[in-house]
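Novice: Sequence below, structure please.
(chains A, B, C and D)
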Number of protein chains: 2
Amino acid sequence: MVKPLYQPNTDQITLPGVLDALSDPVRLDIVLQLDADGEARCSAMGEHGSKTNLSYHFARLREAGVTKTRIEGASRLIALRREDLEAKFPGLLDTVIANAKGAKSKAA
Amino acid sequence: MVKPLYQPNTDQITLPGVLDALSDPVRLDIVLQLDADGEARCSAMGEHGSKTNLSYHFARLREAGVTKTRIEGASRLIALRREDLEAKFPGLLDTVIANAKGAKSKAA
DNA sequence: ACAATAGTTCAATAAGTGTTGAACAGATTG
DNA sequence: CAATCTGTTCAACACTTATTGAACTATTGT
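Specialist: This next block holds a predicted model:
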């Protein structure tokens, strides 16, 4: 039996939900890496925390509509839902990512 | 003895902090009203919740660096920290406000 | 001084958050 | 099949959150 792997469709995505998903430093880091890499497998994000904890944050991002997950063999490939987010909240994701990058470079 | 009324200075404002402050529907409503009215007294926001609860949300917004509070007699006047936020996270506040307005008009 | 007004603070509560380690399920490889 | 790798689920935990009502402080008006 296959997992449901719930992802909201575009009209179920809410602004508070997205902002909440993006309001955690770990998740913001994940989003930054997804922005840079395009699509990443979970195993490529070990720097951001423990396996279990990452799984939790991946679920938060996915359930908020920020990411989509594709299963490939034993791995899962995660990517940002760029078009959906842009359609629903124009400019939001890009602005947050740009500012997160800025904050990171200044934190050096 | 006067209250401290803590407000972070610009370099203490964090992106996760701001996003978290904006990730609550009540606070988003407050921000929308502040955007429309420029400066508002607490008593003018009774529609968004009880007195006590609003006081809590005002504090969250203020402590996150999203708003500043000015005391005028027995009232408090709340306003967005537009310049500070724009300097620290360019475009962020405007984008969030624009999308919150959009979400609100669609929710009719 | 008394009462009304504006808003905060406090204590309490129910629900949610981020984190961890152990156990689990599915795919891949020996 | 057994071992392994990828990632999720579960139970537990300490902590935070949003909300409420009662008590409080400060200001304004009578």
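
Novice: isn't residue A:63 right next to residue A:5, touching?
Specialist: No: if you go by CB atoms under 8 Å, residue A:63 and residue A:5 don't touch, sitting 10.1 Å apart. Backbone N, C-alpha and C define where each C-beta goes, glycine included.

Novice: quick one: which of these two has more around it?
Specialist: The residue with more neighbours, out of residue A:63 and residue A:5, is residue A:63; 15 against 12, by other CB atoms under 10 Å in any protein chain shown.

Novice: And the pLDDT for the more buried one?
Specialist: With respect to pLDDT, residue A:63 has a value of 97.

Novice: what's the answer for the one 5 residues further on, then?
Specialist: Confidence at residue A:68, expressed as pLDDT, is 97.

Novice: Helix, strand, or coil at it?
Specialist: strand (DSSP: H, G, I helix; E, B strand; the rest coil).

Novice: since we're on the closest residue to it other than its chain neighbours, how many residues are nearby?
Specialist: Spatially, and ignoring its direct neighbours in sequence, residue A:68 is nearest to residue A:81 (5.2 Å; CB to CB, 6 or more residues apart in numbering or on different chains). Look at residue A:81: counted by other CB under 10 Å, it has 22 neighbours.

Novice: Residue A:81 is in contact with residue A:64, isn't it?
Specialist: No: Residue A:81 lies out of contact with residue A:64 (CB under 8 Å); the separation is 9.8 Å.

Novice: check contacts around residue A:104.
Specialist: residue A:32 (CB atoms under 8 Å, 6 or more residues apart in numbering or on different chains).

Novice: Could you measure from it over to residue B:71?
Specialist: Distance of residue A:104 to residue B:71, given as CB to CB, to the nearest Å: 37 Å.

Novice: Pull out the buried positions in the worst-scoring helix or strand of chain A on mean pLDDT.
Specialist: Sorting the helices and strands of chain A by mean pLDDT, DSSP states H and E puts helix A:92-106 at the bottom, at a mean of 93. Under the neighbour-count criterion of 16 or more other CB atoms under 10 Å in any protein chain shown, helix A:92-106 has A:92-93, A:95-100, A:103 buried.

Novice: can you tell me if the helix or strand harbouring residue A:54 touches chain B.
Specialist: Under the criterion of DSSP states H and E, residue A:54 resides in helix A:51-64. No: applying CB under 8 Å from any CB of the partner chain, one finds helix A:51-64 separated from chain B by no less than 9.9 Å.

Novice: Next one: residue A:77 from residue B:70, what distance?
Specialist: 50 Å.
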